[in-house]
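1. structure of the sequence below:
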Amino acid sequence: MGKSQPQGKKSKAASGQGTVYWDEAKGCFRGEISLGYTPSGKRRRPKVYGRTKTEVRDKLKDLVREAKSGVKSSANYTVADAVNDFLKRGLKGRSEETLNKCRNLANKHVIPELGKAKLKDLTADDVDDWLEDRAELLATRSLRELHAVLRRAIAFAQKRDKVLRNVADLVDTPKGKEGRPSKALTLNQAQAVLSAAEGTRLYAYVVLSLMTGVRTEEARALVWPHVHLDPTGDIPPHVEVWRSVRATGDTKTKKSRRTLALPEPVVEALRAHKASQETDRKVAGEKWEENRLVFCSQVGTKLDAANVRRGFRTIITESRIGGSWTPRELRHSFVSLMSEKGVPVEEIARLVGHSSTATTETVYRKELRPVITKGAEVMGNLFA
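-> Numbers count the residues shown, from 1 in each chain. Alright, predicted model coming up:
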């Protein structure tokens, strides 16, 4: 078909659709179209190639459509380019934890699987198939976060006129595999963990988390000015849970900002911890960084979640309770042990900083024991 087209003979396309002709040097059809001028005054006349006239004309129509929409899609701009641009420029002001999470998801799941695809050619079906494949590997929550990374990356490209529409918005996140359910320590297990933690740098951290139910992100942000280890008048020793390690420094919700009385074992553990920290300060000398943090490294710098997880895993191994446990399950254990002793869910919700009992009942439903037997117990005793 192509060889019957004389070299250099041009075929005029319909008005406004450019010119199509056979390119002998490239051995295919070539199309050109005038799309106005660049800001520098240079004429914009892009070229496209194809095996047939119809294919070339379709490409010219796409160029016209993009020009009218203001989008300047590059034929070589890939999904990987879009994701990397988003990671570099689209997460300004976000916490290091958020940045690392997005980078890890992108580098492990988005770029290896979709990265080579041209962004302008990516379809909703492509995204759908990709998510279904990832659903066999990731829990639902991680799958939603992964989908969000791609969606936000394409949205970022849209704002810079790199693509016409966001196909990731057209797809629903499928259900992933079941994640590992959280669990709570029994009283015997909790005692074994406390015993194993004694003498370690995380002992006070474990005692505080288990006996007050603070979130691990709240414990890591705790500063000494918010810890009051001596009673003042009628006010017992207490801790002001007013901060977290979130990017803003705020607690998770307004109700999460709370002041909690401290049990005596926590007071003792924190006093010993403070004395130990003073020793660290003297040993570190000029290397010490003063952040006023209750829980920090040996030179005063903040602990990250990985530091705490590693130390806690060692404690769990030493406790010999078996299984896999995380620091946040100390909070679950607090709820479980309080509920086991008959503390009403309303009071537990206040202690753990939930905005309503609905949150407590949803998140910690496995840890809560029924307390509605109280009425039967009271009436039974009354009329015995």
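
2. surely residue 354 and residue 361 touch.
-> No: the pair residue 354 and residue 361 does not pass the contact test of CB atoms under 8 Å, sitting 9.3 Å apart. To be clear about C-beta, it is placed using only N, CA and C from the backbone, and glycine gets the same treatment.

3. looking at those two, which is more packed in?
-> residue 354 (23 against 14; other CB atoms under 10 Å).

4. and that one, what helix or strand is that in?
-> Using DSSP states H and E, residue 354 maps to neither a helix nor a strand.

5. list the contacts for the residue nearest to it when sequence neighbours are not counted?
-> Once flanking residues are discounted, residue 354 sits nearest to residue 360: 4.8 Å by CB to CB, 6 or more residues apart in numbering. Contact analysis of residue 360 by CB atoms under 8 Å, 6 or more residues apart in numbering lists 335, 345, 348-349, 352, 354, 368.

6. how about the strands in the stretch 201-350 of the chain?
-> In the stretch 201-350 of the chain, the segments counted as strands under DSSP state E, counting those that start in this stretch are 227-228, 238-241, 258-261.

7. quick check: mean pLDDT across the last one?
-> The reference is to strand 258-261. Per-region confidence: strand 258-261 scores 88 on mean pLDDT.

8. would you mind putting the CA coordinates of it into PDB?
-> C-alpha atoms of strand 258-261 as PDB (Å, rounded to 0.1, in the frame of the first residue of the first chain):
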ATOM      1  CA  ARG A 258      -6.300  14.700  77.300                       C
ATOM      2  CA  THR A 259      -4.700  14.600  80.800                       C
ATOM      3  CA  LEU A 260      -4.300  11.200  82.400                       C
ATOM      4  CA  ALA A 261      -3.500  10.300  86.000                       C
END
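
9. centre of the chain to it, how far?
-> From the chain centre to the centre of strand 258-261 is a distance of 28 Å (CA atoms, centre = their mean, to the nearest Å).

10. run through the neighbouring helices and strands of that strand.
-> strand 238-241, helix 345-352 (3 or more CB pairs under 8 Å, 6 or more residues apart in numbering; DSSP states H and E).

11. which residues are in contact with stretch 282-290?
-> 280-281, 298-301.

12. what do you get for stretch 201-209?
-> Contacts for stretch 201-209 (CB under 8 Å, 6+ apart): 193-194, 197, 214, 216, 219, 239, 265-266, 269-270, 272-273, 276, 294-295, 308, 311-312, 315, 327, 330-331, 334.

13. which ChimeraX command selects the buried ones in these?
-> The buried subset of those, as determined by 16 or more other CB atoms under 10 Å, is captured in ChimeraX by this line:
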select :193,194,197,214,216,219,239,266,269,270,273,294,295,308,311,312,315,327,330,331,334
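
14. just the ones in helices from the contacts of stretch 201-209, please.
-> Residues of these located in helices (DSSP state H): 193-194, 197, 216, 219, 265-266, 269-270, 272-273, 276, 308, 311-312, 315, 330-331, 334.

15. quick one: pLDDT of residue 237?
-> Residue-level pLDDT assigned to residue 237 equals 92.

16. thinking it is in contact with residue 228, fair?
-> Yes: with contact defined as CB under 8 Å, residue 237 counts as touching residue 228 (5.9 Å).

17. which elements pack onto the helix or strand hosting residue 143?
-> Residue 143 is located in helix 140-159, with elements delineated by DSSP H and E. Counting contacts by 3+ CB pairs under 8 Å, 6+ apart, helix 140-159 is packed against helix 79-89, helix 96-105, helix 124-134.

18. and it, average pLDDT?
-> 93.

19. what angle do it and helix 124-134 make?
-> 150 degrees (axes from the mean of the first three to the mean of the last three CA atoms, to 10 degrees).

20. okay, buried residues for stretch 53-62 please.
-> 53, 55-57, 59-61.
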